[in-house]
Structure formats: C-alpha cells, structure tokens
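Asker: Here is my input, please return the structure:
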Amino acid sequence: MAGWCASREGSGGKPLLMSIYVAVLAGAVFSAIVIFSNLNSGEKFSFPVAGYTNSLSPPSSLLPVGEILQNGSSASEPTPHTTTNHSSHAAQKPQNILTKAIWEIPVDKKMPDPKVFQLTKEMVEYRAKDNVIIITFGNFAFMDFILNWVRHLTELNVFNLLVGAMDAKLLEALYWKGIPVFDMGSNMNTMDVGWGSPTFHKMGREKVLLINALLPFGYELLMCDTDMVWLKNPLPYLARFPEADVLTSSDQVVPTVTDDSLDLWQQVSGAYNIGIFHWRPTETSKKLAKEWKEVLLADEKIWDQHVFNELVHRVLGPSVEGGKGLVYAYDGTLKLGILPASIFCSGHTYFVQAMYAQLSLEPYAVHTTFQYAGTEGKRHRLREAMAFYDPPEYYDSPGGFLSFKPRIPKSLLLDGAHTLESHFSLVNYQLKNIRTALAIASLLNRTLVMPPIWCRFDRMWFGHPGIMEGTITRQPFLCPMDHVFEVHVMLKDLPEDEFGPKIDFREYSFLNNPLVSSQVKESVLEVQLCDGQSVKCDMDNETTQHGVITFPKQSKQEKLLQVFSSYKDVKVIQFSSMEDAFAGFTDKEKEEKFRNRVKRYVGIWCCVLSRDPGHIYYDMFWDEKPGWKPEPPKSREEDHPPW
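Answerer: Numbers count the residues shown, from 1 in each chain. From the prediction side, this is the model:
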C-alpha cells in the first residue's frame with residue numbers, strides 16, 4: 001500500500017522509482033516460484049514457442065512434423081475455428097518469428113530453438129487468412145525458386161503462406177531471409193534431385209504426407225510446387241467454387257473453354273497436374289488424401305501424380321448439378337474441379353501457345369512444365385517471362401553485355417508451308433548468327449544477351465505433326481530457348497583447357513527487364529556493320545557520334561579486340577546484325593576450344609511421326625556440311641550428337 005500511495009505523489013520522484021523496483025522484484029520472485037514449482041512437479045517447462053501464447057507448456061498439437069506426417073494428424077483433434085484475422089492476432093499476441101512480417105530480417109544472432117519450426121495448427125492459424133493457407137516446400141537446391149515464389153505472392157499482397165524446409169540448410173537460410181518456414185523433418189539431400197529419380201519420388205511422398213498433416217487442422221490448403229509463380233491473386237477465383245472439395249490444375253494443352261470458367265471435365269484428356277491444387281478440409285478430401293498416402297507408402301517407386309490421377313478417375317461423373325463445372329470423382333462424392341489451363345498455365349499453354357493472350361484473359365499462374373533443360377531450363381523460362389527475381393549482380397555483368405538485332409529474312413520466317421525443312425531453315429539461320437555472337441562475346445569477355453528464337457514447329461517428347469493437334473499454337477511462334485539449346489549444358493563449368501572460357505548469357509528479354517538499372521540500359525554503343533571496302537567504313541579514324549560506330553564486316557579476331565578494347569566501360573555493345581560480322585579466329589587453339597564448347601550447346605527437335613528414333617539433332621556447324629538435311633538417325637548406332 002505504501003508503494004501504491006507513494007507512486008501517486010508526483011512524477012519523477014524517488015517514491016515512483018521505488019514502486020518500479022518493487023514491481024520488478026515481485027515479478028522476478030513470482031517467476032522463480034513458478035519455474036521452481038514446475039521443475040519439482042515433474043512437468044516439462046519451456047519458454048514461449050512461436051505459434052502459441054505465453055503458457056508454461058506447449059499445446060498438445062506441437063509434435064515433430066515427421067510424426068505428424070506419418071500419423072496424418074496431431075495428438076488431439078483440432079477444435080472448430082473461425083476465420084483467422086491476422087492483424088488482430090498480431091495485436092493481441094507478442095511478436096515472435098512466426099508472427100512477424102514476411103521479409104522482416106531477424107535481429108537475433110543465432111538460430112532459435114528447433115521447436116519454433118515444428119509444424120502446428122497454431123502456426124497455420126497465425127498465417128491463414130479467410131481460412132486459407134498457401135504452402136510450398138523444397139530443399140536448398142530450390143532456394144531461389146522459393147524466394148521467387150514468396151516474392152510474387154507478397155507483391156500481390158498475399159501473405160497467408162508458409163514454406164516447408166526439407167533440409168536444415170534451407171530452413172536456416174529462409175529464416176535469415178524473413179520467410180515463415182517450418183521444418184518438415186525430411187533430412188533431404190540439399191542438391192537438385194532430378195525428375196524421376198528416387199529422391200524425386202521421395203519428395204512427392206512428402207507432399208502427400210504434408211497434405212495429410214495439414215487437412216486435419218481445418219484450413220483450406222492451396223498446395224504449390226516451387227517451380228511455379230503466381231501472377232495474380234488466385235484466392236478470389238478459388239472462392240468462386242465453395243462446393244469444391246478439390247480444384248486441380250492439369251496438363252491439358254487443348255482449350256476446352258474460352259473464358260475463365262473451369263475446364264470442361266468431359267473434354268480434359270491431359271493428366272491432372274498436382275503442381276497447383278486446392279483442397280478443402282472436407283471428410284471426402286481427407287479420405288482421398290489418406291488413401292493416396294497409403295498407396296504411395298506401400299510402393300516407393302510409384303509416382304505420386306500417377307496415383308492421384310488413378311484415384312480421382314476411379315469414378316468420374318456425373319457433373320455436380322449447379323456446380324459451375326464441378327464433377328463427382330474418386331468415390332462418387334468428391335466434388336472435383338479442373339482449373340482452366342488457359343489461366344492456370346502449364347509450360348506449354350503459357351510459353352508456347354500464349355493461350356491466355358490469344359483468349360484475352362489474365363493468367364493467374366504459370367507452372368514450368370513441358371520443358372527440356374531440367375531446373376536450369378525452368379529458371380530460364382521464368383527469366384524470359386521476366387517472372388524471376390535474381391540477385392542484383394545478375395543484372396550488371398562486370399564485363400558488360402553484347403546484344404544484336406536478329407534481322408531474320410521474311411522468307412524464312414513467314415513464306416511457304418510450315419514443314420520440317422522450313423522449320424530447320426529458320427532455326428539454322430538463327431543458329432549461325434548466334435554462333436557468331438557467342439564467338440564475339442567470348443573474345444570480348446562479354447555476356448551475350450540471347451536474341452528471341454523463332455520456330456515453325458513445336459517440340460514434344462513423342463511423334464507429332466509439328467503442332468499439337470487441337471492447340472492454338474501460332475506459326476511461327478516465339479519458342480523457349482530450351483526448345484533449341486541445352487540451357488543446362490551452357491551453364492555448366494566445363495574445363496577451360498578443353499572448352500575454353502565460359503560464355504555467360506542472358507535471356508532475350510533481359511534489357512527490357514525493369515530490374516536492369518538505367519545505368520546499364522543507357523550505356524549503349526550501337527555498332528553498324530558496313531562493307532569493309534567502303535571509304536565510309538574506314539576505322540582508322542573512327543569516331544563515335546551519339547553512341548554509334550561503324551564496323552567492317554568479315555573482321556577477324558585482332559580487329560575486334562583492337563576496336564572494342566576502347567569501349568570496356570560501355571555496358572552494352574549492340575550490333576545491328578550478326579550477318580557476316582566475324583571472319584573467324586586467328587588463334588587456332590582458341591578456335592578449337594570454342595568449337596568444342598558451342599557444338600554441345602544445341603539439342604534436338606522431337607519427333608518425326610512413326611520413326612524410331614524420330615528426333616533430329618540441331619547442329620551448330622550445319623553450314624560446314626554440304627548437303628546437310630534435317631533427318632533422324634538411320635539407326636541406333638547413328639543416334640548421337642554431331643560430334
């Protein structure tokens with residue numbers, strides 16, 4: 001009482017300080033009593049863990065994620081809940097690593113207790129909005145994809161997300177980046193596992209186990225692969241189908257609708273793709289998830305997507321009355337919807353057909369499927385679409401950049417029928433110019449900005465007539481670089497003593513990317529090719545006016561080095577063309593190493609109908625082989641790249 005009365009006498013005096021000291025001392029004594037009583041009672045004591053309040057013991061749902069994944073639920077059944085208001089939670093509960101804002105860098109100097117990263121219902125509750133949580137997961141090899149995935153969502157003002165870490169290295173890295181992350185307890189290898197490998201199948205099983213762990217928490221789940229990006233907030237679209245138990249993307253390449261309706265299930269022939277799908281926590285969806293998990297755990301070699309398709313096709317039909325395109329599936333009670341491939345895009349409907357643009361629709365997502373260069377190819381496709389956030393150094397190469405205007409003759413691009421021969425004539429013309437550009441970039445130690453590549457024929461894994469029947473692919477079309485080039489090989493660190501120096505490159509859209517600084521974009525030297533016999537092309541007294549110089553065609557190695565050594569500080573050297581821009585190396589050893597390198601840069605076109613093998617190898621040096629024709633290997637013995 002004396003302390004309370006004294007504190008009312010004035011401000012800043014000793015009685016006030018005394019009251020504070022007493023309060024602090026009383027708090028310390030109380031805490032010590034509580035801790036001592038817990039220790040003596042045999043109960044486990046722990047400091048507050050992210051995801052629940054300042055209680056002295058964790059909730060029963062706090063289990064290692066591995067145990068949750070195997071059991072399919074927490075130790076106690078989740079209680080009914082209402083829509084989470086993230087902002088009210090943040091105001092009512094103390095800020096910790098789970099409730100802090102995304103991208104907020106931790107101020108701590110060391111990692112928190114591992115318990116903080118265990119998957120709990122409370123963890124999901126903090127992040128969920130309108131009862132929806134968005135999840136992706138991966139290992140450290142996909143760190144940049146995950147950061148890209150998160151950034152696209154947060155740029156769309158979507159923050160109800162969590163990321164599952166399959167290895168400790170990723171978990172720690174995401175924590176220090178300010179990403180809400182949980183430990184999946186997978187102990188996964190940190191390297192890129194490769195499609196179809198045993199580890200790839202293990203990752204697929206982890207997805208199914210994770211779905212089984214999350215659905216009992218009672219939240220809607222939007223599960224995504226890391227090799228996709230969100231281009232538009234999908235949550236309002238998904239909310240249009242409240243009766244759906246599951247909404248899934250697909251590998252459908254033929255449009256079944258021309259608006260933003262669900263795809264017509266009767267016309268979808270492509271596999272249902274589990275890289276993007278939405279689950280509501282209904283009894284039917286939980287039943288499907290449980291059976292899916294059991295089938296996968298019984299056979300370690302089976303593919304998770306294949307099993308999902310088999311299960312939901314067990315019963316397919318009839319349509320749900322008034323269900324806006326939903327269909328009864330699986331056990332006859334599951335209400336399934338197939339997201340339209342035109343706006344929930346695959347690698348084909350987005351990068352090849354540009355289906356959304358042709359139908360005047362806005363895409364929600366793109367998944368980097370239907371591509372041919374592994375993880376590196378996926379990354380490059382997103383870069384081509386300016387949908388990948390690289391670190392700042394990617395946008396400013398130390399040696400500067402080299403670019404050129406393709407100037408493809410109309411006859412190659414548009415004239416005549418679209419045939420195998422006209423396709424290869426078009427691509428081969430571009431290959432020759434790109435080969436020249438690679439040589440100049442190598443000599444000048446510059447990063448080549450690839451030109452856009454045009455194709456007349458599509459590429460697929462199997463025989464086809466050039467364009468997939470029923471698709472709306474235009475001819476010619478701007479084809480992804482991995483249709484022609486082995487992007488993953490170009491990025492390899494090949495031994496310099498055999499292949500010469502690495503030639504760095506960028507995507508064709510690079511100089512249009514808003515992430516490239518104005519200092520780079522405005523530091524340009526335009527190079528106009530001219531006839532070396534012309535007086536106007538005399539470079540002895542070269543002058544630069546408005547950033548433009550003339551340069552003689554058919555110049556050799558020494559001329560290039562002599563002229564462009566004066567422009568090392570210029571960020572971008574842009575040639576008006578690569579036609580006859582370079583007459584060749586004078587250093588034969590350098591030339592041989594260059595040839596060894598770039599002939600491995602090109603891949604195959606696939607595939608001729610009714611031929612085995614039916615693929616045809618692109619050849620970087622096709623023009624040096626008289627009578628070269630685009631033909632498949634005549635036998636298995638001849639089936640090898642042209643070197």
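Asker: Show me what counts as buried in whichever strand or helix holds S411.
Answerer: For S411, the host element (DSSP states H and E) is helix 410-413. The neighbour-count check on helix 410-413 (16 or more other C-beta atoms under 10 Å) flags L412 as buried. For the C-beta atoms, the positions are set from N, CA and C on the backbone; glycine is no exception.
Asker: next SSE after that helix?
Answerer: helix 420-444.
Asker: And that following helix, what's buried?
Answerer: Applying 16+ other C-beta under 10 Å to helix 420-444 flags 420, 422-444 as buried.
Asker: The helix or strand just after it pairs with which strands, and in what direction?
Answerer: Following helix 420-444 in sequence order, the next helix or strand is strand 447-449 (DSSP H and E). Strand 447-449 pairs in its sheet with strand 401-404 (parallel), strand 505-506 (parallel), by DSSP bridges.
Asker: tell me the mean pLDDT for strand 447-449?
Answerer: Averaging pLDDT along strand 447-449 yields 98.
Asker: Point out where the chain drops to low pLDDT.
Answerer: Residue ranges of the chain with pLDDT under 70: 1-97, 187-204, 538-546.
Asker: Centre-most residue in it?
Answerer: D227 (3.3 Å; C-alpha atoms, centre = their mean).
Asker: how close does that residue get to G270?
Answerer: For D227, the distance to G270 equals 18 Å [C-beta to C-beta, to the nearest Å].
Asker: Repeat that for F499.
Answerer: On the measure of C-beta to C-beta, F499 and G270 end up 40 Å apart.
Asker: Ok, Q118 next?
Answerer: Q118 sits 38 Å away from G270, going by C-beta to C-beta.
Asker: same check, this time on R240
Answerer: 22 Å.
Asker: quick one, which of those two is more surrounded?
Answerer: Legend: neighbour count by other C-beta atoms under 10 Å for R240 and G270, higher for G270 (17 against 13).
Asker: pretty sure that one belongs to a helix, no?
Answerer: No: applying DSSP: H, G, I helix; E, B strand; the rest coil, one finds G270 to be coil, outside a helix.
Asker: correct me, but it touches V253?
Answerer: Yes: using C-beta atoms under 8 Å, G270 is in contact with V253, at 6.2 Å.
Asker: Overlap in contacts, those two.
Answerer: With contacts defined as C-beta atoms under 8 Å, 6 or more residues apart in numbering, the residues shared by G270 and V253 are A341.
Asker: V229 - how many residues pack around it?
Answerer: V229 has 21 nearby residues by other C-beta under 10 Å.
Asker: same question but for E206, I mixed them up
Answerer: E206: 23 neighbours (other C-beta under 10 Å).
Asker: do L147 as well
Answerer: By other C-beta under 10 Å, the residues close to L147 number 21.
Asker: So what touches the host helix or strand of it?
Answerer: Assigned by DSSP H and E, L147 belongs to helix 143-155. Helix 143-155 is contacted from outside by 102-103, 134, 136, 138, 159, 161, 163, 170, 173-174, 177, 179, 224, 226-231, 378-379, 382, 387-390, using C-beta under 8 Å, 6+ apart.
Asker: Buried ones from those, can you make that a PyMOL selection?
Answerer: This is how PyMOL selects the buried members of the contacts of helix 143-155, with burial counted by 16+ other C-beta under 10 Å:
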select buried, resi 102+134+136+138+159+161+163+170+173+174+177+179+224+226+227+228+229+230+231+378+379+382+387+388+389+390
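Asker: Correct me if wrong, but L171 is in a helix.
Answerer: Yes: assignment of L171 by three-state DSSP places it within a helix.
Asker: That one reaches F117, doesn't it?
Answerer: Yes: under the criterion of C-beta under 8 Å, L171 makes contact with F117 at 6.1 Å.
Asker: End to end on stretch 529-547, go ahead and measure it.
Answerer: Length of stretch 529-547, first residue to last, C-alpha to C-alpha, to the nearest Å: 14 Å.
Asker: now stretch 253-266
Answerer: Its first and final residues considered, stretch 253-266 spans 14 Å by C-alpha to C-alpha.
Asker: Also stretch 497-513?
Answerer: End-to-end for stretch 497-513, by C-alpha to C-alpha: 35 Å.
Asker: tally of neighbours for V570?
Answerer: Using other C-beta under 10 Å, V570 has 17 other residues around it.
Asker: how far away is it from I440?
Answerer: Counting by C-beta to C-beta, the gap from V570 to I440 is 14 Å.
Asker: now K169
Answerer: From K169 across to I440, the span is 40 Å (C-beta to C-beta).
Asker: I figured K207 was touching V307, is that so?
Answerer: No: in terms of C-beta under 8 Å, K207 does not count as a neighbour of V307; the distance is 11.5 Å.
Asker: T256 and I472, how far apart?
Answerer: Using C-beta to C-beta, one obtains 12 Å as the distance from T256 to I472.
Asker: related to what we said a few turns ago, go through the strands paired with strand 447-449 and name the closest to F217.
Answerer: Nearest to F217, of all the strands paired with strand 447-449, is strand 505-506, at 43.3 Å by C-beta to C-beta.
Asker: any idea which helix or strand comes after the closest one?
Answerer: helix 518-521.
Asker: Residues contacting that following helix, please?
Answerer: Y395, D396, F401, L511, K571, V572.
Asker: Buried ones in that helix, by neighbour count?
Answerer: V520.
Asker: ok, the nearest residue to L215 once chain neighbours are set aside - how many residues close by?
Answerer: Of all residues not flanking L215 in the chain, P281 sits nearest, at 4.8 Å (C-beta to C-beta, 6 or more residues apart in numbering). Residues near P281, counting by other C-beta under 10 Å, number 18.
Asker: right, and P281 touches I211 too?
Answerer: No: P281 lies out of contact with I211 (C-beta under 8 Å); the separation is 10.3 Å.
Asker: Give me the common contacts of the two.
Answerer: Between them, P281 and I211 share the contacting residues L221, judged by C-beta under 8 Å, 6+ apart.
Asker: Spell out which residues sit in contact with R314, please.
Answerer: With C-beta under 8 Å, 6+ apart, R314 has these contacts: A329, Y330, D331.
Asker: Let's see which of the residues you listed end up in helices.
Answerer: With helices defined by DSSP state H, no entry of the contacts of R314 lies inside them.
Asker: Return the closest of those residues with respect to D299.
Answerer: Y330 (19.2 Å).
Asker: now H380, nearest residue through space, not along the chain?
Answerer: Nearest non-adjacent residue to H380, counting by C-beta to C-beta, 6+ apart: V487, 5.0 Å away.
Asker: okay but that neighbour is in contact with G377, surely?
Answerer: Yes: V487 is in contact with G377 according to C-beta under 8 Å; the separation is 4.9 Å.
Asker: Right, I'll call it a day here.
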